[in-house]
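*Asks:* I need the structure of the sequence given here:
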Amino acid sequence: MATVILVAGAWHGSWCWDAVAPLLRAAGHEVLTPDLPGTGSKFSPEADVSFDDWSNFLADLIVNCEERPYVVGHSRGGIVISQAAELVPEAISELVYLSAALLPAGTVPIDGLLERMPGKPTISQLPKHLPPVPYEDVRQTAFNDCSEEDARSAYARLTPEPVKPLTQALNLSEERFGSVPRTYIECLNDNAVTLEAQRAMQALAPCQRTLALASGHSPFLSMPEELAEALVEIVAKPLRA
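*Replies:* Numbering: from 1, shown residues only. Presented below is the predicted three-dimensional model:
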């Protein structure tokens, strides 16, 4: 039995793992699906959270596991699992990036987003929270291979994304973050984080193992069984002795 921590991406909450977590538990594993401060069930318009709040929260969860967990991050969740690994590298069995942001040290996550926003606003021009983009945009990018029912149900549960945590540069070192084994799960038909982008990130921060799913950006919705099987395979063949 292993412990698996599943960290959701931007605008999502722990609910996005509802179809995957029971499959992992049925395979004998303990599963934790936390909501980061100010996200998912913890969202509040008044919430004032930082990137340190996110990474410290996850690091505390990791060190309180009875055994070293496998820490999975989806999309934006990738930056959080990386920073938590910098804090408690010895407490983690493996980092798993699910079509996730695997960014180098010094990167400010929101910079790439600002480049793609109309008018290219500055950080000071942004609101405290970024609301989800319109449904049709999300349908074509993040939910492109989901059923209409699943896509609309998931969209209804999205919550605004805190901006402040995305404005802090990643503080990572080879000695700490770099010492933790990494697996990347590519989503081959992803329209949100394209396969080209996924592989460009891996070129900058190579992983010891790469798996692939023939899915869009949200395999936890479109193919939960295949995603669970991939995670079970990772746990069955640990990279760290």
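*Asks:* make it CA atoms for all contacts and neighbour counts henceforth
*Replies:* Noted.
*Asks:* L24 is in contact with I234, isn't it?
*Replies:* No. L24 lies out of contact with I234 (CA atoms under 8 Å); the separation is 11.8 Å.
*Asks:* Tell me which residue of this structure is furthest from the middle?
*Replies:* G119 (27.3 Å; CA atoms, centre = their mean).
*Asks:* gap between that residue and I110?
*Replies:* Computed as CA to CA, to the nearest Å, the G119 to I110 distance reads 15 Å.
*Asks:* With C146 instead?
*Replies:* From C146 over to I110 (counting by CA to CA), the distance is 27 Å.
*Asks:* Of all the residues in the helix or strand of the chain with the lowest mean pLDDT, which ones are buried?
*Replies:* One helix or strand of the chain scores below all others by mean pLDDT, DSSP states H and E: helix 110-116, with a mean of 80. Residues of helix 110-116 classed as buried: I110 (neighbour count, 16 or more other CA atoms under 10 Å).
*Asks:* Can you name the next helix or strand after that helix?
*Replies:* strand 129-130 (DSSP states H and E).
*Asks:* So what are the sheet partners of that following strand and their directions?
*Replies:* Strand 129-130 has the following sheet partners, assigned by DSSP bridges: strand 161-162 (antiparallel).
*Asks:* What average pLDDT does the next helix or strand after the partner strand get?
*Replies:* With elements assigned by DSSP H and E, the helix or strand that comes after strand 161-162 is strand 182-187. Strand 182-187 shows a mean pLDDT of 98.
*Asks:* Give me the residues contacting whichever helix or strand comes after strand 182-187.
*Replies:* Sequence-wise, the next helix or strand downstream of strand 182-187 (DSSP H and E) is helix 195-204. Under the criterion CA atoms under 8 Å, 6 or more residues apart in numbering, residues 99-104, 184, 186-189 lie in contact with helix 195-204.
*Asks:* Show me where this protein has its strands.
*Replies:* All strands of the chain, identified by DSSP state E, fall at 3-7, 30-32, 70-74, 94-98, 129-130, 161-162, 182-187, 209-213.
*Asks:* to the chain's geometric centre, what's the distance from the fourth one?
*Replies:* Put plainly, it is strand 94-98. 9 Å (CA atoms, centre = their mean, to the nearest Å).
*Asks:* orientation of that strand relative to strand 182-187 in degrees?
*Replies:* Here strand 94-98 runs at an angle of 20 degrees relative to strand 182-187 (axes from the mean of the first three to the mean of the last three CA atoms, to 10 degrees).
*Asks:* what mean pLDDT would you report for strand 94-98?
*Replies:* For strand 94-98, the mean per-residue pLDDT is 98.
*Asks:* Likewise for stretch 7-26?
*Replies:* The model assigns stretch 7-26 a mean pLDDT of 98.
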